[in-house]
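A.B. asks: no sequence on this one, just coordinates:
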């Protein structure tokens, strides 16, 4: 069997200089009121919008008849630029709308911040 490890009391701590004299500690508690709410992650919505735009560009590239002036890679590139930009903007707009809707359900709570430091003598 092992002996339990003895820990110093929360209001006392051993001196850092190796002496066994306890150092008195003081605890300060600060209270503050904060607002807690859920918020969407904008980069994820924007990335998803750009990916949906890329899929739409691919579908549009394949659905149009072949062009004599541009090959399929060029047409896809042009459509990709436009559709990805529009998808990115729409993703940001959806995230903004969700953010506004969730802001109504925000709650105010009281938080405590505890600071423990040695007493100055």
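C.D. replies: Now that the structure is in, tell me what you want to look at. Keep in mind the model is a prediction, meaning the values are calculated, not measured. Numbers count the residues shown, from 1 in each chain.

A.B. asks: Every contact and neighbour count from this point should use C-alpha atoms.
C.D. replies: Fine.

A.B. asks: Could you look up the SS state of the residue lying closest to residue 92 once chain neighbours are set aside?
C.D. replies: The spatial neighbour of residue 92 that comes closest, neighbours along the chain excluded (C-alpha to C-alpha, 6 or more residues apart in numbering), is residue 46 at 5.3 Å. Following DSSP: H, G, I helix; E, B strand; the rest coil, residue 46 is assigned to helix.

A.B. asks: Help me confirm that residue 99 comes into contact with residue 40.
C.D. replies: Yes. Residue 99 is in contact with residue 40 according to C-alpha atoms under 8 Å; the separation is 6.1 Å.

A.B. asks: for the top strand by length along the chain, which positions count as buried?
C.D. replies: Counting by DSSP state E, the longest strand found in the chain is strand 22-36. Buried residues in strand 22-36, counted by 16 or more other C-alpha atoms under 10 Å: 23, 24.

A.B. asks: Against residue 59, how distant is the most far-flung residue of the chain relative to its centre?
C.D. replies: Within the chain, the residue lying farthest from the chain centre (C-alpha atoms, centre = their mean) is residue 68, at 48.1 Å. For residue 68, the distance to residue 59 (C-alpha to C-alpha, to the nearest Å) stands at 19 Å.

A.B. asks: just so I have it, where are all the helices in the chain?
C.D. replies: With helices called from DSSP state H, the chain shows them at 42-63, 72-103.
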